[in-house]
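A predicted structure for the sequence below; I have some questions about it.
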Amino acid sequence: MLLCQKSITQGEGEQHSGSRTQEKMNIAHFPSERGRVLTASFSHPAPVLGIDIGGTKLAAGVVAPGGQVLSYTRCPTPIGMDSEELLDAVIALATSVTQDSSTPPVAIGIGCGGPLFFARDTVSPLHMPAWRDFPLRRRLEDALGLPAVLDNDAKAFALGEAIFGAGRNATCMLGMVVSTGIGGGIVVNGQLLEGAHGNGGHIGHIIVSQKGPRCFCGAVGCLTAYASGRGLASRANSALKRGIQSSLSKLPLGAVTGRAVAEAAAMGDKLAALLFHDAATALGRAIASAANLLDLDRLVLGGGLIQAGDLLMVPLERELRLRARLAFSSLVEVRTAELGQASGVVGAATLVLRHWQTG
């Protein structure tokens, strides 16, 4: 049974500053998969169903053309389900939030953890082992009866923030989600940088240390192994097994999470503080590398671990300024996401919204 939280309802949708509702919409063009374009005709501005699928939570919402959230619900990502049961949970969430909106959506935008395989039109999220080469887009399109667009959840987050949130007016922006895993998306002049296989922006697998812990992808020293919620929990558990003293040892088996490490660090726990400082340093180092490579002018951070505030941001900024020393990369501006808890859903919907053409 899914325990979902409906926190935004019809009539209470968020109005994001700087967004513009289109007055008339005749034709919408949007890619359903690489190499194929769907075309749908609309006589009026129409909402989009955004679905955000991650290792920690599932969320869905109906989003207006100007970025306003008309209805929204979320719940923890189910654990221990097989592929069909997990799909059914997403369908139930999407159906519920659609019923909560007085204006029905005309299309679906889906943001899902990667990697994604666009040539095969399948997903294999690292943090959701039930889905391996799973045809998520096609299955949701068939179940919900609407055309669907699928992309990486962090790319969707970045696009939503670029158009409706903290990335507005940026020329070259990197959006990062620091949560169960770490993902990213690059937006240049309002357009996603796709990469050769559609997975551009995977900053979570930048190598930040040659002798670091082994990442879940198999490499050594990835940013994800240091600074994701799963990485923090893994490093904390390894330290506890070695007998290092920490208040975290009092937690039940399986309760040492990234959030628990952040809370312990805020309370002065030495092990947790060291792990969190390492995470912030690794993030600063990775962002500096991206700024040097891409000539970024904006960095937008979102995800659950960003809620740690200064505990994370102060050492992150310090390391970034230490490493980004070129005249152009030193100008990169760091902001936190503006779209709040619905940022992933707005981003997913924006995968469709960006392709609408006004008549």
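Arrived safely.

my guess is residue 60 is in a strand, correct?
Yes - with DSSP: H, G, I helix; E, B strand; the rest coil as the criterion, residue 60 is part of a strand.

That one reaches residue 93, doesn't it?
Yes - here residue 60 reaches residue 93: they are 4.8 Å apart, a contact under Cβ atoms under 8 Å. All C-beta atoms are positioned from the backbone trio N, CA, C, and that covers glycine.

who's more crowded, those two?
Here residue 60 and residue 93 are compared on neighbour count by other Cβ atoms under 10 Å; more neighbours surround residue 60, at 32 against 22.

partner residues bridging the more buried one?
residue 51, residue 73 (DSSP bridges).

Use 51 as the first number from now on
New numbering, starting at 51: the last item is residue 110.

picking that back up, so what sits against both of residue 110 and residue 143?
Taking Cβ atoms under 8 Å, 6 or more residues apart in numbering as the contact criterion, the residues that touch both residue 110 and residue 143 are 101, 123-124.

and those as CSV, adding pLDDT and neighbour count?
Compiled in CSV, the shared contacts of residue 110 and residue 143 are given as follows (pLDDT from 0 to 100; neighbours: other Cβ atoms under 10 Å):
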residue, pLDDT, neighbour count
101, 98, 29
123, 96, 21
124, 95, 25
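
Now do the helix or strand hosting residue 397: distance to the chain's middle.
Assigned by DSSP states H and E, residue 397 falls within helix 393-403. Centroid separation between helix 393-403 and its chain, computed with Cα atoms, centre = their mean, to the nearest Å, is 11 Å.

for stretch 339-349, same thing?
Its chain's C-alpha centre and that of stretch 339-349 lie 19 Å apart, by Cα atoms, centre = their mean.

At which residues are the helices of the stretch 101-250 of the chain located?
All helices of the stretch 101-250 of the chain, identified by DSSP state H, counting those that start in this stretch, fall at 133-149, 186-194, 203-214.

In the first one, which residues are buried?
The one in question is helix 133-149. Of the residues in helix 133-149, those buried by neighbour count under the rule 16 or more other Cβ atoms under 10 Å are 133, 136-137, 139-141, 143-144, 146-148.

Kindly report the same for stretch 215-228.
Across stretch 215-228, burial judged by 16+ other Cβ under 10 Å covers 215-218, 220, 222-228.

Just give me the neighbour total for residue 368.
The number of residues packed around residue 368, counting by other Cβ under 10 Å, is 13.

can you confirm it is in a strand?
No - judged by three-state DSSP, residue 368 forms no part of a strand; its state is helix.

Reduced to three states, what does the closest residue to it other than its chain neighbours come out as?
Counting by Cβ to Cβ, 6 or more residues apart in numbering, residue 334 is the residue found nearest to residue 368 once chain neighbours are left out, at 6.8 Å. Applying three-state DSSP to residue 334 yields a three-state assignment of helix.

Please report how far residue 334 lies from residue 372.
When Cβ to Cβ, to the nearest Å is the yardstick, residue 334 and residue 372 sit 8 Å from each other.

okay, these two: which has more neighbours?
Using other Cβ under 10 Å, the more surrounded residue of residue 334 and residue 372 is residue 334, with 25 against 12.

show me what contacts the more buried one?
Contacts for residue 334 were tallied using Cβ under 8 Å, 6+ apart; they are 365-370, 372-373.

what angle sits between the helix holding residue 397 and helix 203-214?
Interaxial angle, helix 393-403 versus helix 203-214 (axes from the mean of the first three to the mean of the last three Cα atoms, to 10 degrees): 80 degrees.
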